[in-house]
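Asker: have a look at this prediction, sequence included:
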Amino acid sequence: MKALGPIPLVYSALDGILAIGGEKSSDLAERAGTPLFVYSKDLVARRVAQLRAALPVEVSIHYAVKANPLIAILHVMSELVDGFDIASSGELSRVLEAGINPALISFAGPGKRDAELSAAISAGVTLNCESEAEAERALAIAAGLAIRPRLAIRVNPDFDLKGSGMKMGGGAKPFGLDVERVPALARRIVASGAEWRGYHIFAGSQAISADAIIEAQALTLDLAARLARESGLPVPHLNLGGGFGIPYFPGEEPLDLDRVGQALSERLKSLPAELDQTRFCIELGRYLVGEAGVYLTRIVDRKESHGEVFLITDGGMHHQLAASGNFGTVVRRNYPVAIATRFGAPVEEEASIVGCLCTPLDRLADKAGFPRAEVGDLVAVFCAGAYGATASPMHFLGQGPAKEIVV
C-alpha cells in the first residue's frame, strides 16, 4: 500500500463529510456539479494573515497570477495583497477586468510579443525586461505611443534556490539577464528617460526548506546591492522572488514560515547603503492559494482487475495533471487524496483512483489506503488551488474544463 500526501490540517469533517468553507463538499458538488474546483476565500485570507504576521513590515506581498487567475480569486486577492505579477497579456486582461490598479501590476516572462508590450505600456504596468532586445523593443513601442514606460530588469542570478522544485536561476536560463550584463542595461534604461523600477530576482519555486529560502533571500539582497554599485544607480524596487512551497507528497513538512520571516527581518536591519531607500516585495502564488483549493470528482464506476480495485471518476488528469504525476515529477508519488464523503473514516482497502480518460497516465491515486468507496462517493484531491485548472490539458479527448467556485 502506497502512502498518500499530507492533507492540510485546515480541513475537517462535518457529519463525516469533508467540509470546505463551512459547507459539506457533498452539498457543494450537488449544487455546482462535478468535476469541481472549490476554493476557500477564508483559507486564502488566513494564509495572507500568517504571512503578514511573519514577514517584516517593509516587505510587500504580491500575488503571482499564474497560480490561479480565476476572476473571483483576483477579487479576493485585491483586498488582501499589495501587488500582482503577471506573465502574459491574457493575465493582464484578467487583472484589469478584476478592477485592479495597473500601477500595482508587474509583467515578467520571456517572449513577450510586441502587442503584449504595447498593452502593458499603455496600461501603465511595470515591465520586467528579460533581455536587452526586449528592453529596446519596449522603448521603441513606448516612444511610438508617447508614453514613459515603467521598466525593471529581470536578473538571472548566479545562484539558484536549493531544493526547489523548479529552478529559475543559476547557469544558462531563458529567464532574465545574466548578472554581468545587467548594469549596462540599467544605465541604458535610465538614460532613455524611462521610469526606472529596479530588479526582479527569482531563483526558484516550490521550496519547503526554510534554510534554502533564507540563503536565497540573503544572496538576492547581496546581488541587488552589487548591481547598484556596479551600475551607479539606486534600486527603487526589489522583487525578492518567492519560492515558498507547500507539502504535496508523503514525508514532506510545511515550510517554517516564522524562521524565514525572522531571518529576513534581521537581514533588513543591516542593509548596505545601496539599498537603504529600496522598497521590497515577495512574489507568491502557490503558497497563497494552493492549500485553499480542493478538486472534487465523483466515482462513476467501481471495478476489480486481477485482484486490484479501481475507483473510476468523472474527472482526472485533464484537470489535475500534477496529481497524476505528469507535471514535472520524475517518480510518481501520491498527492493528498481522500474519499470526501467518508472523510476521516478508517482505511478498509487498497485502491487506485483513476479518471475517465483513455490513457494509463490518468491516475489520481495509486494503490493507496481508503475507506471502501462506492459509485456516487466523492473523491477530494487537496492542494488543488494552484496550477490545477489552468495547468492541465482540460480539452484532452474533448472532456472540457471543470467547474470552479469560491466559497
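Answerer: Yes, it's here.
Asker: residues contacting residue 386?
Answerer: Shown in contact with residue 386 (CB atoms under 8 Å, 6 or more residues apart in numbering): 67-68, 285-286, 289-290, 293. (C-beta placed from N, C-alpha, C; glycine too.)
Asker: and of the residues you listed, the nearest to residue 56?
Answerer: residue 285 (20.7 Å; CB to CB).
Asker: mind listing what the closest one touches?
Answerer: Residue 285 is in contact with 63-68, 242, 386, counting by CB under 8 Å, 6+ apart.
Asker: among the contacts of residue 386, which pair sits farthest apart?
Answerer: Across the contacts of residue 386, no pair lies farther apart than 285 and 293, at 11.9 Å, counting by CB to CB.
Asker: overlap in contacts of those two?
Answerer: Counting by CB under 8 Å, 6+ apart, the residues touching both residue 285 and residue 293 are 68, 386.
Asker: rewinding a little: can I get the contacts of residue 285 in CSV with secondary structure and distance to residue 267?
Answerer: As requested, the contacts of residue 285 are exported to CSV (DSSP: H, G, I helix; E, B strand; the rest coil; distance: CB to CB, whole Å):
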residue, secondary structure, distance to residue 267
63, strand, 23
64, strand, 23
65, helix, 28
66, helix, 27
67, helix, 26
68, coil, 30
242, coil, 17
386, coil, 27
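Asker: ok, which pair from these is furthest apart?
Answerer: Spatial extent of those (CB to CB) is set by the pair 68 and 242 at 14.2 Å.
Asker: domain map for the protein?
Answerer: Using automatic domain parsing, the domains assigned to the chain come out as 12-39+290-406, 69-284.
Asker: quick one: least confident of the contacts of residue 285?
Answerer: Lowest pLDDT among those: residue 242, with 90.
Asker: any idea which helix is longest in this protein?
Answerer: The residue-count maximum for a helix in the chain (DSSP state H) belongs to helix 210-231.
Asker: confidence score at residue 327?
Answerer: pLDDT at residue 327 comes out at 87.
Asker: so what's the residue count around residue 81?
Answerer: Residues within reach of residue 81, counting by other CB atoms under 10 Å, total 21.
Asker: brain fart, residue 272
Answerer: Neighbour tally, residue 272, other CB under 10 Å: 13.
Asker: quick one: least confident helix or strand in the protein?
Answerer: Sorted by mean pLDDT, DSSP states H and E, the helices and strands of the chain end with strand 166-167, the least confident at a mean of 50.
Asker: and the next element down the chain from that strand?
Answerer: Downstream of strand 166-167, the first helix or strand assigned by DSSP states H and E is strand 177-178.
Asker: in its sheet, what does that next one sit against?
Answerer: Partner strands and pairing direction for strand 177-178 (DSSP bridges) are strand 150-156 (parallel).
Asker: report the buried residues of the partner strand.
Answerer: Within strand 150-156, the residues scored as buried using 16 or more other CB atoms under 10 Å are 150-156.
Asker: then it to CSV, C-alphas only?
Answerer: C-alpha atoms of strand 150-156 as CSV (Å, rounded to 0.1, in the frame of the first residue of the first chain):
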residue,chain,number,x,y,z
ARG,A,150,7.9,51.7,-16.4
LEU,A,151,10.9,49.3,-16.8
ALA,A,152,12.7,46.9,-14.4
ILE,A,153,15.2,44.2,-15.2
ARG,A,154,14.6,40.6,-14.5
VAL,A,155,18.0,39.2,-13.4
ASN,A,156,19.2,35.7,-14.0
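Asker: picking that back up, how about CSV for the contacts of residue 285, with distance to residue 311 added?
Answerer: Below are these laid out as CSV (distance: CB to CB, whole Å):
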residue, distance to residue 311
63, 35
64, 34
65, 34
66, 31
67, 29
68, 27
242, 36
386, 25
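Asker: now the residues you listed: which count as buried?
Answerer: Among the contacts of residue 285, the ones that count as buried by 16+ other CB under 10 Å are 63-68, 242, 386.
Asker: and which of the residues you listed is nearest to residue 31?
Answerer: Nearest to residue 31 among the buried ones among the contacts of residue 285: residue 68, at 21.0 Å, using CB to CB.
Asker: count of residues packed around the nearest residue to the closest one once chain neighbours are set aside?
Answerer: Here the nearest residue to residue 68 in space, its sequence neighbours aside, is residue 289; by CB to CB, 6 or more residues apart in numbering that works out to 4.9 Å. The local packing of residue 289 (other CB under 10 Å) involves 30 other residues.
Asker: distance check, the residue lying farthest from the centre of the chain against residue 375.
Answerer: In the chain, residue 306 marks the outermost C-alpha relative to the chain mean, sitting 39.8 Å out by CA atoms, centre = their mean. For residue 306, the distance to residue 375 (CB to CB, to the nearest Å) stands at 21 Å.
Asker: quick check: end-to-end length of stretch 79-90?
Answerer: Stretch 79-90 has an end-to-end distance of 22 Å (criterion: CA to CA, to the nearest Å).
Asker: now stretch 161-174
Answerer: For stretch 161-174, the first-to-last residue distance is 16 Å (CA to CA).
Asker: partner strands of the strand of greatest length in the chain, parallel or antiparallel?
Answerer: For the chain, the longest strand by residue count, based on DSSP state E, is strand 293-305. Pairing partners of strand 293-305, with direction, according to DSSP bridges: strand 36-39 (antiparallel), strand 308-313 (antiparallel), strand 378-381 (antiparallel).
Asker: closest one to residue 79 among these?
Answerer: Evaluated over the strands paired with strand 293-305, closeness to residue 79 peaks at strand 36-39, with 14.8 Å, by CB to CB.
Asker: fine, thanks again, bye for now.
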